[in-house]
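Novice: When you get a sec, could you give me coordinates for this:
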Amino acid sequence: MIVRLAPIELLSLMINFLLGSAIVVGWNFETKQDVWITILLSLGFGVGIFYFYLFLHSIGKWGNLIQILELGFGRWISKLLGLIYCLYFIYIAGRVLKDFSFFIGQVLFHNIPFGVISFTLLLVVSYSCYLGIEATARSSVILCVFTCVIILILMVFGYLSPYFEFSQLTPVFRTSLKDVLSSVFPTGFTVPYGELIVFTMLFPYANDKKALRKYAFFSVCITGVLLLLAGEMILGLLNSETVNMYVFPFVKALELTSLLEFLPHIETFAVILNLIGGFVKITIFLYGGLMILAHLFPKTKPNGRIFISAILTFIFTFVLSKNIIQHLFIGLDIVPLYLHIPLQFIIPLILVICLLIKKYIVKSL
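Specialist: Below you'll find the predicted structure:
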């Protein structure tokens with residue numbers, strides 16, 4: 001079966017993916033009122049990362065990541081790296097699933113075990129992978145519109161809230177350059193922008209490669225702008241001295257708003273955002289891992305690959321962190337430095353160099 005994705009479908013997938021859990025849990029206010037600088041710098045790096053991955057595809061004959069690895073490193077090294085990337089994608093799917101479980105468990109269902117919440121969403125994700133990425137992409141177009149509308153409505157009422165104070169957004173330019181850069185590197189641009197590495201498994205499916213460059217660029221920019229507006233809204237509602245006290249500052253900020261007086265618990269919409277973003281992000285990571293498994297083990301049955309990947313995702317969700325504090329520490333301090341940087345940038349950069357050497361130097365000899 002030949003898979004084809006329209007540019008608008010890839011755009012919606014990328015927006016939902018990049019927002020993912022970032023709009024709810026992915027906040028770092030260490031730079032306080034200068035958080036907008038951090039977000040803009042991360043966005044700039046995100047645009048660069050996106051075009052870097054597109055360049056990798058253009059010199060890799062528009063194959064998927066495992067095919068480009070084979071083209072650059074040869075058959076056996078590519079198999080080893082392919083297995084590493086497969087486990088990496090599944091592991092990150094498990095981490096996002098745990099983000100979702102902690103959030104739903106603490107905000108919505110206090111008495112339901114995290115395992116039940118994770119298992120329920122994982123069933124939906126597994127069924128989505130069974131239907132294929134085209135079904136997820138078509139659903140994502142509708143979900144993307146829904147997500148953007150909800151975020152914009154929430155921010156309008158957040159900015160209009162009587163608790164919102166513009167004075168809490170100042171003073172600016174008080175953070176040192178060192179502190180700004182430390183908040184951007186490595187966490188600021190590895191999550192969520194560097195995670196676009198998983199789209200190297202999907203870009204070859206685009207039915208219009210030229211339109212992909214334009215549409216996908218817009219998706220990165222739209223995500224950055226939404227995160228910027230949301231970050232300023234949070235600071236305006238929760239002052240810079242207390243905002244870091246909350247695990248979910250976006251939800252806490254929304255608790256200070258209401259929708260035309262008749263819907264006081266507007267923060268429940270944050271649950272919907274997390275459901276949509278978590279579903280799309282976990283599905284894409286799991287599907288990326290499944291594609292690599294299909295390449296490495298072509299004789300295995302699709303249902304068997306889905307079952308094994310789902311089990312691994314569920315195991316990763318619970319084995320590697322016991323509570324929200326440990327989970328955030330690993331996700332913000334350990335994973336970006338020791339997993340994201342090597343797999344999102346170092347190996348792809350070496351791969352680009354190898355492909356360029358083969359393309360221009362070896363052919364000229």
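
Novice: For stretch 80-99, the averaged confidence score.
Specialist: For stretch 80-99, mean pLDDT rounds to 94.

Novice: Would you mark the buried spots in that stretch?
Specialist: 81-82, 84-86, 88-99 (16 or more other C-beta atoms under 10 Å). Just so you know, the C-beta spots here come from the backbone N, C-alpha and C atoms, and that holds for glycine as well.

Novice: quick one: G188 from A22, how far?
Specialist: Per C-beta to C-beta, to the nearest Å, G188 is found 11 Å from A22.

Novice: Between the two, point out the one with more neighbours.
Specialist: Taking neighbours as other C-beta atoms under 10 Å, G188 and A22 compare with G188 leading, 25 against 22.

Novice: Using the three-state scheme, assign the nearest residue to that one once chain neighbours are set aside.
Specialist: Residue nearest to G188 in three dimensions, not counting chain neighbours: S42, with 4.0 Å by C-beta to C-beta, 6 or more residues apart in numbering. Three-state assignment for S42 (DSSP: H, G, I helix; E, B strand; the rest coil): helix.

Novice: count of residues packed around S42?
Specialist: Neighbour tally, S42, other C-beta under 10 Å: 25.

Novice: That one contacts P186, correct?
Specialist: No: using C-beta atoms under 8 Å, S42 makes no contact with P186, being 10.7 Å away.

Novice: Please report the distance of the closest residue to L227 other than its chain neighbours from L226.
Specialist: Leaving aside its chain neighbours, L227 sits nearest to I39 (5.6 Å; criterion: C-beta to C-beta, 6+ apart). Distance, I39 to L226, by C-beta to C-beta: 10 Å.

Novice: what's the answer for Q67, then?
Specialist: From Q67 to L226 the distance is 33 Å (C-beta to C-beta).

Novice: do V96 as well
Specialist: In terms of C-beta to C-beta, V96 sits 18 Å off from L226.

Novice: returning to what we had before: show me the contacts for the residue nearest to L227.
Specialist: Contacts here follow C-beta atoms under 8 Å, 6 or more residues apart in numbering; on that basis I39 touches G224, L227, L228, G231.
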